[in-house]
Every structure is written in structure tokens, then in C-alpha cells.
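Student: What follows is a predicted protein model with its sequence.
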Amino acid sequence: MLSKINPSAVVAQCWYMRRHVPEGRRWREADGAVHCTCRYCQRPIRSRGGGRWDLAEGFDLDALAESGRTSHFCVIDALDDMVIARYPLSNGADEQTIAARLAEICAIHGIEDSNSVLEVRLVQTRGGLRRVH
């Protein structure tokens with residue numbers, strides 16, 4: 001039963017909101033990622049491309065995806081931070097091909113406006129992996 005709740009155990013606001021807010025000094029890494037501290041939980045956070053801040057501890061899945069061999073679209077549930085689907089994109093695709101594929105993916109998942117829970121992100125590689133030998 002929950003008759004005795006411990007009032008001293010407080011959860012940070014970013015845990016409820018699922019959004020970290022930067023505070024204090026920021027610094028940029030060579031790969032372009034910006035680091036800072038979260039205002040609410042005081043943990044290190046990182047932003048790649050601006051706007052969205054994630055915990056800086058552990059693996060950087062965006063950087064790992066960029067080092068892959070092929071570019072792709074990800075459909076992401078923004079509330080649960082889950083990847084719903086991935087759609088590959090051919091190497092050397094031009095802007096028209098990317099825009100057409102994006103419109104097709106939005107139609108498949110019913111993403112019509114910017115206020116949707118689902119987001120489509122383009123993960124572009126940086127030329128793929130180099131062969132060492």
C-alpha cells in the first residue's frame with residue numbers, strides 16, 4: 001500500500017516532462033555536439049543539431065548512426081523516445097528524392113502537422129566507414 005510516501009524522495013521535473021533544460025556554461029565538441037548541465041536533474045546533457053537535449057552519459061546513438069554506411073529516415077514516438085520505423089535512403093539521393101520519400105513516410109504514418117507525437121528524422125551518414133586494410 002502507498003499509505004506512507006517518503007516526501008524526501010523527489011523526482012526531477014525533467015523526469016516527468018521528458019525534456020531536459022540546459023543551464024550554465026556550454027561547450028562544443030569537435031563533432032558539433034554541445035554539452036551542458038540540466039537545470040532540473042543537474043546531470044550532463046548533450047544536444048546534436050540544437051533544440052533537443054539528451055543525457056550525455058552512455059552511448060551517443062545519433063553519432064553512431066551517422067558513422068553507418070547508409071542514410072535513413074527514422075519515425076520516432078517523441079513521448080516514449082522510441083523508434084517506430086526506419087526507412088533506408090539510397091546513397092547519393094538528391095533533394096527531390098529526399099523530399100518525396102519524406103512525404104511518403106509522413107503519409108504512411110499519418111503525420112500531418114508539427115504538433116504530432118510522431119517525428120520523422122533524417123539520419124545522414126558522413127560518407128560511410130573507411131576500410132583500414
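Tutor: Thanks, I have it.
Student: which regions of the chain lie under the pLDDT threshold?
Tutor: Within the chain, the ranges that satisfy pLDDT under 70 run 1-10, 16-17, 58-68, 113-114, 126-133.
Student: What segments of it are helices?
Tutor: In the chain, the helices defined using DSSP state H lie at 13-17, 61-66, 95-109.
Student: any idea how far Leu118 is from Cys106?
Tutor: Distance of Cys106 to Leu118, given as C-beta to C-beta, to the nearest Å: 9 Å. Every C-beta, even on glycine, is put in place using the N, C-alpha and C of the backbone.
Student: List the contacts of the nearest residue to Ile84 once chain neighbours are set aside.
Tutor: Spatial nearest neighbour of Ile84, chain neighbours left out: Val75 (4.4 Å); criterion: C-beta to C-beta, 6 or more residues apart in numbering. Each residue near Val75 by C-beta atoms under 8 Å, 6 or more residues apart in numbering is listed here: 83-87, 105, 109, 111, 118-120.
Student: Ranking by neighbours, what's the top pick from the residues you listed?
Tutor: Val120 (20 neighbours; other C-beta atoms under 10 Å).
Student: Surely that residue is in contact with Glu104?
Tutor: No. Using C-beta atoms under 8 Å, Val120 is not in contact with Glu104, being 10.3 Å away.
Student: what bridges to the nearest residue to Glu57 once chain neighbours are set aside?
Tutor: Spatially, and ignoring its direct neighbours in sequence, Glu57 is nearest to Pro44 (6.5 Å; C-beta to C-beta, 6+ apart). Pro44 forms beta bridges with Thr37, as assigned by DSSP bridges.
Student: Please tell me I have it right and Arg101 contacts Pro88.
Tutor: No. Applying C-beta under 8 Å, one finds Arg101 not in contact with Pro88, separated by 9.6 Å.
Student: and the nearest residue to Leu102 once chain neighbours are set aside, what are its bridge partners?
Tutor: Ranked by C-beta to C-beta, 6+ apart and with sequence neighbours excluded, the top spatial neighbour of Leu102 is Val120, at 6.3 Å. Val120 has these beta-bridge partners by DSSP bridges: Val75.
Student: That'll do, ta.
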